[in-house]
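Enquirer: I need the structure of the sequence given here:
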Amino acid sequence: MTQNVTEDDEGKPIKHGNDKVGRVIDVEHGTAYVDPDPGITETVMSKLGWADRDEDTYPLQEASIETITDDEIRLSE
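Expert: Now for the predicted structure:
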């Protein structure tokens, strides 16, 4: 099952099983961009909508998303 990513998902952690694999830094045109190792500054900035993508962010394929909750995005196993 795929779900649509929105700007409200910026700052959410990405989890695969029990492992945190990154955090949504930016959402543009329905694509989430993930930083696999965000620092505290990037995390706070993304939650405030102030973060920008850089060479360390990667697009998250919508087909990889299992669920989106208020607290996190879970990837398909």
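Enquirer: who's in contact with the most centrally placed residue in the chain?
Expert: Nearest to the centroid of the C-alpha atoms of the chain, with distances taken as CA atoms, centre = their mean, sits Val24, at 2.3 Å. Neighbouring residues of Val24 by CB atoms under 8 Å, 6 or more residues apart in numbering: 5, 9-12, 14, 32-34, 46, 60, 73. For every residue, glycine as well, the C-beta is placed using N, CA and C.
Enquirer: okay, who's weakest in those by pLDDT?
Expert: In terms of pLDDT, Ser46 ranks lowest among those, with 58.
Enquirer: Which strand or helix spans the residue nearest to the centre of the chain?
Expert: According to DSSP states H and E, Val24 maps onto strand 19-28.
Enquirer: Neighbouring strands - and their directions - for the helix or strand following that strand?
Expert: Where DSSP H and E defines the elements, the next helix or strand beyond strand 19-28 is strand 31-35. For strand 31-35, the paired strands and their directions (DSSP bridges) read strand 19-28 (antiparallel), strand 58-60 (antiparallel).
Enquirer: Would you mind finding the most buried of the ones you listed?
Expert: strand 19-28 (a mean of 18; mean count of other CB atoms under 10 Å).
Enquirer: Mind exporting the C-alpha coordinates of that strand to PDB?
Expert: This file holds the C-alpha atoms of strand 19-28, laid out as PDB (Å, rounded to 0.1, in the frame of the first residue of the first chain):
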ATOM      1  CA  ASP A  19      15.800   0.600  12.700                       C
ATOM      2  CA  LYS A  20      15.700   4.300  12.100                       C
ATOM      3  CA  VAL A  21      17.300   4.800   8.700                       C
ATOM      4  CA  GLY A  22      16.900   8.600   8.200                       C
ATOM      5  CA  ARG A  23      14.700  11.600   8.500                       C
ATOM      6  CA  VAL A  24      12.600  13.500   5.900                       C
ATOM      7  CA  ILE A  25      14.400  16.800   5.300                       C
ATOM      8  CA  ASP A  26      12.200  18.200   2.400                       C
ATOM      9  CA  VAL A  27       9.100  17.300   0.500                       C
ATOM     10  CA  GLU A  28       8.700  18.600  -3.100                       C
END
